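Novice: how would this look folded up:
(one chain, ligands or ions: 1)
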Amino acid sequence: MLFTTTIKLIDYVFLSFFLIVIFVSNANCQQTLVANIPNIPNIPSIPNIASAASVASSERSLGQTIKYPIVGNNPFPLIMGVELEKVNQALLLAKELTKRCECDRALQDYGVESLAQLLKSEVNINLFDGRTSTLGLPWMSENKKRETVNTYFLKNQDWLWAGVIQAPFTGKGNVIFLNHYFFSPTKSVSLALEQRSIILIHESVHQFGNKDDNHFGGSKRLTNLITKACLPNLKIN
Ligand SMILES: [Zn+2]
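Specialist: Numbering: from 1, shown residues only. Model (predicted):
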């Protein structure tokens with residue numbers, strides 16, 4: 001009895017703390033408008049590689065025992081110099097954007113209470129350059145060799161701007177890898193910073209929200225939901 005009561009008391013205390021956190025979190029975002037930002041063309045879909053887990057289980061079902069992570073020479077290439085500045089500026093803008101309530105709560109209907117709280121990506125800690133990463137992915141490529149982040153990113157660079165590789169395949173938690181487009185956008189170059197910020201917010205939903213694109217009706221839809229709430233003057237057709 002005493003034990004049950006204690007548990008209930010602990011639950012109550014925890015719940016109160018939780019409510020305070022939520023309240024504080026909501027109180028932190030601000031109802032202000034951002035400056036007008038001109039239109040940019042459609043932002044293509046930015047998938048995560050969430051289907052990897054199902055591929056891995058099919059490998060196991062064939063009787064193979066494959067141990068992850070498969071790292072190669074350079075699984076987590078560091079981002080440096082000018083490119084490091086680009087990522088840091090985009091992270092800063094993403095943090096600024098998510099201070100506004102409209103942006104912070106963009107995915108509230110989908111169970112994401114605060115985008116700001118998901119922005120925990122840190123460059124060269126859980127966010128790396130995917131273009132040269134030798135980290136093994138849980139499937140084989142057409143030439144029967146192990147697919148790696150860099151080979152997969154190169155062949156899909158037209159549409160794959162960034163991706164999250166899940167913890168079982170990195171050995172160090174969910175990790176964001178950036179692809180070529182992130183560093184050198186070919187569309188609306190003057191709005192590269194805004195595009196990068198949307199990409200980072202999108203990927204943080206996968207990385208720390210643990211929700212895949214399907215949860216939001218697809219990758220493109222997730223991008224649209226974020227963009228409409230966070231950069232409302234940015235028209236996406
Ligand atoms: Zn996605």
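
Novice: As a check, name the ranges of all helices in this protein.
Specialist: In the chain, the helices defined using DSSP state H lie at 2-28, 52-61, 81-97, 101-104, 149-155, 167-170, 180-183, 192-209, 219-230.

Novice: mean pLDDT lowest for which of those?
Specialist: Mean pLDDT values for the helices of the chain show the minimum at helix 2-28, a mean of 45.

Novice: V123 against L84, yeah?
Specialist: Yes: assessed by Cβ atoms under 8 Å, V123 is found in contact with L84 at 6.3 Å. Where C-beta positions appear, they are placed from N, C-alpha and C, glycine not excepted.

Novice: what's next to stretch 106-125, contact-wise?
Specialist: Contacting residues not belonging to stretch 106-125 are listed as 22, 25-26, 28-29, 76, 78-79, 84, 87-88, 91, 94-95, 98-99, 103-105, 126-127, 176, 200-201, 203-205, 207-209, 211, 215-216, 222, 225-226, 228-230 [Cβ atoms under 8 Å, 6 or more residues apart in numbering].

Novice: So for it, what gets flagged as buried?
Specialist: The neighbour-count check on stretch 106-125 (16 or more other Cβ atoms under 10 Å) flags A106, L107, V112, E113, S114, L115, A116, Q117, L118, L119, S121, V123 as buried.

Novice: just how off-centre is it within its chain?
Specialist: Here the centre of mass of C-alpha atoms in stretch 106-125, compared against the chain's by Cα atoms, centre = their mean, to the nearest Å, lies 8 Å away.

Novice: same check, this time on stretch 148-158
Specialist: 17 Å.

Novice: buried residues in it?
Specialist: Of the residues in stretch 148-158, those buried under the neighbour-count criterion (16+ other Cβ under 10 Å) are T148, V149, N150, T151, Y152, F153.

Novice: Now F169. Nearest residue, chain neighbours left out?
Specialist: Ranked by Cβ to Cβ, 6 or more residues apart in numbering and with sequence neighbours excluded, the top spatial neighbour of F169 is Y68, at 4.9 Å.

Novice: The one you found is in contact with P168, isn't it?
Specialist: Yes: contact between Y68 and P168 holds when scored by Cβ under 8 Å: they sit 5.8 Å apart.

Novice: These two: which is more packed in?
Specialist: Neighbours were counted for Y68 and for P168 using other Cβ atoms under 10 Å; Y68 has more, 17 against 13.

Novice: Now do the same for that one: its pLDDT.
Specialist: Turning to Y68, the model gives it a pLDDT of 94.

Novice: Could you report the separation of it from the ion?
Specialist: 21 Å (Cβ to the ion, to the nearest Å).

Novice: can you pull the contacts of that residue?
Specialist: Contacts for Y68 were tallied using Cβ under 8 Å, 6+ apart; they are A56, G136, P138, P168, F169, G171.

Novice: quick check, nearest of those residues to the ion?
Specialist: For the ion, the nearest member of the contacts of Y68 is F169. The distance, counting by Cβ to the ion, is 16.4 Å.

Novice: Kindly provide the distance from the closest one to W161.
Specialist: Taking Cβ to Cβ, to the nearest Å as the measure, F169 and W161 are separated by 20 Å.

Novice: Repeat that for Q30.
Specialist: For Q30, the distance to W161 - Cβ to Cβ - is 29 Å.

Novice: Neighbour count: these two, which is higher?
Specialist: Legend: neighbour count by other Cβ under 10 Å for Q30 and W161, higher for W161 (28 against 12).
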